[in-house]
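Engineer: Turn this into a structure:
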Amino acid sequence: MTTTEIAYEEVANKINQWYTMIKKREIEDAIKLKDEIDCLLDDMEENQNLLLYYNLLDARHKMSVDMFKSSGKILEKIQKSPEMQKTDDMLQYYFLFFSGQYMFFKKKYIDAINYYKLAEDKLIKIEDEIEKAEFYYHLAISYYHIDQYFFSLAYAEKALTIFREFEDYAHRSISSEMILGANKLDLFRYESAYEHYSHALKFAKVKQIPESEGKAYHNLGILYIRRNMLSEARDCFKNALQLQDYMQSINGLKSIYNLTHVLYKSGHIEEAREWYDKGLKRAEKEGD
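Structural biologist: Numbers count the residues shown, from 1 in each chain. From the prediction side, this is the model:
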């Protein structure tokens with residue numbers, strides 16, 4: 001075996017590890033490993049398929065750190081490359097899947113689903129169960145956003161069934177459960193929605209995932225608003241905002257908005273104004 005062959009295998013293994021970190025949301029570790037891979041690529045004999053795989057995962061990596069414009073440029077370049085037309089089903093699957101995620105970010109949900117459906121034809125070649133669950137999860141979210149609740153429920157159930165088998169993907173189990181809750185809420189199945197959100201909240205607490213815990217409280221707050229239970233909604237949003245990781249996220253800003261709304265609606269005008277000022281300053285600072 002030559003030195004270049006060893007280097008190729010080493011880089012391929014590290015790229016696989018990198019993708020696993022991205023899916024697990026181990027962002028800091030993913031950034032460090034990407035830097036290491038970048039150095040290895042400079043010394044590796046050129047291999048078009050491996051470089052294409054790297055570029056595809058670079059597009060996905062940039063989405064995970066909110067660099068969506070950069071991600072879009074990479075995907076556009078890949079789409080035009082002659083290598084993309086000649087590559088295998090797995091790399092074509094990744095291109096279609098990641099392109100769907102990019103379209104979802106742009107709120108082009110129909111376009112996202114179209115990419116996902118093309119990717120689904122190639123999913124049969126993917127043996128990794130987690131990859132299948134990731135696919136079902138993203139398709140479930142997209143269908144939810146175009147009010148196709150029964151399609152969304154079916155794919156969310158598939159995702160949840162797989163994610164539950166893998167302890168490292170607790171955050172995805174929780175998110176899948178909340179997609180089920182959101183669908184049930186929009187179908188006016190309030191008791192069932194409450195069960196999903198409550199279970200997600202308990203699981204997030206057990207697994208100590210504050211951002212997921214905050215989302216669960218937020219979703220319960222939305223449910224209570226729908227049922228005109230304003231004091232319960234207020235408590236849920238406040239509980240969410242006590243979690244610093246959640247508070248600092250974009251979802252934290254949504255909870256501030258909803259808490260302000262609930263406080264105004266329930267007559268707590270002074271407190272509502274305080275939260276309004278906090279929310280407005282955050283929104284202006286973040287360009288939201």
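Engineer: what does the helix ranked longest in the chain contact?
Structural biologist: Identified as the longest helix of the chain according to DSSP state H is helix 3-23. Contact with helix 3-23 is made by 27, 29-30, 33-34, 36-37, 40-41, 43-45, 47, 50, 53-54, 57, 60-61, 64, 130, 134, 169, as judged by CB atoms under 8 Å, 6 or more residues apart in numbering. For the C-beta atoms, the positions are set from N, CA and C on the backbone; glycine is no exception.
Engineer: Narrow those residues to those that are buried.
Structural biologist: Buried members of the contacts of helix 3-23, counted by 16 or more other CB atoms under 10 Å: 30, 33-34, 37, 41, 44, 47, 50, 53-54, 57, 60-61, 64, 130, 134, 169.
Engineer: just checking, which of those residues belong to helices?
Structural biologist: Counted as lying in helices by DSSP H, out of the buried ones among the contacts of helix 3-23, are 30, 33-34, 37, 41, 50, 53-54, 57, 60-61, 64, 130, 134.
Engineer: Let me have these in TSV, adding pLDDT and distance to Ala159 as columns.
Structural biologist: Converted to TSV, those look like this (pLDDT from 0 to 100; distance: CB to CB, whole Å):
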residue	pLDDT	distance to Ala159
Ala30	94	22
Leu33	93	26
Lys34	92	26
Ile37	90	28
Leu41	83	33
Leu50	88	29
Tyr53	90	24
Tyr54	91	27
Leu57	93	21
Arg60	94	18
His61	94	22
Ser64	88	18
Ile130	95	10
Glu134	96	8
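Engineer: Gly181 - nearest residue in space that isn't next to it in sequence?
Structural biologist: Using CB to CB, 6 or more residues apart in numbering and skipping residues adjacent in sequence, the residue nearest Gly181 is His196, 3.4 Å away.
Engineer: And that neighbour, which helix or strand is it part of?
Structural biologist: Assessed by DSSP states H and E, His196 sits inside helix 190-207.
Engineer: and Met1, what pLDDT?
Structural biologist: Looking at Met1, its pLDDT is 40.
Engineer: repeat for Glu36
Structural biologist: Reported pLDDT for Glu36: 89.
Engineer: So the nearest residue to it once chain neighbours are set aside versus Thr20, what's the distance?
Structural biologist: Using CB to CB, 6+ apart and skipping residues adjacent in sequence, the residue nearest Glu36 is Lys14, 6.7 Å away. Lys14 sits 11 Å away from Thr20, going by CB to CB, to the nearest Å.
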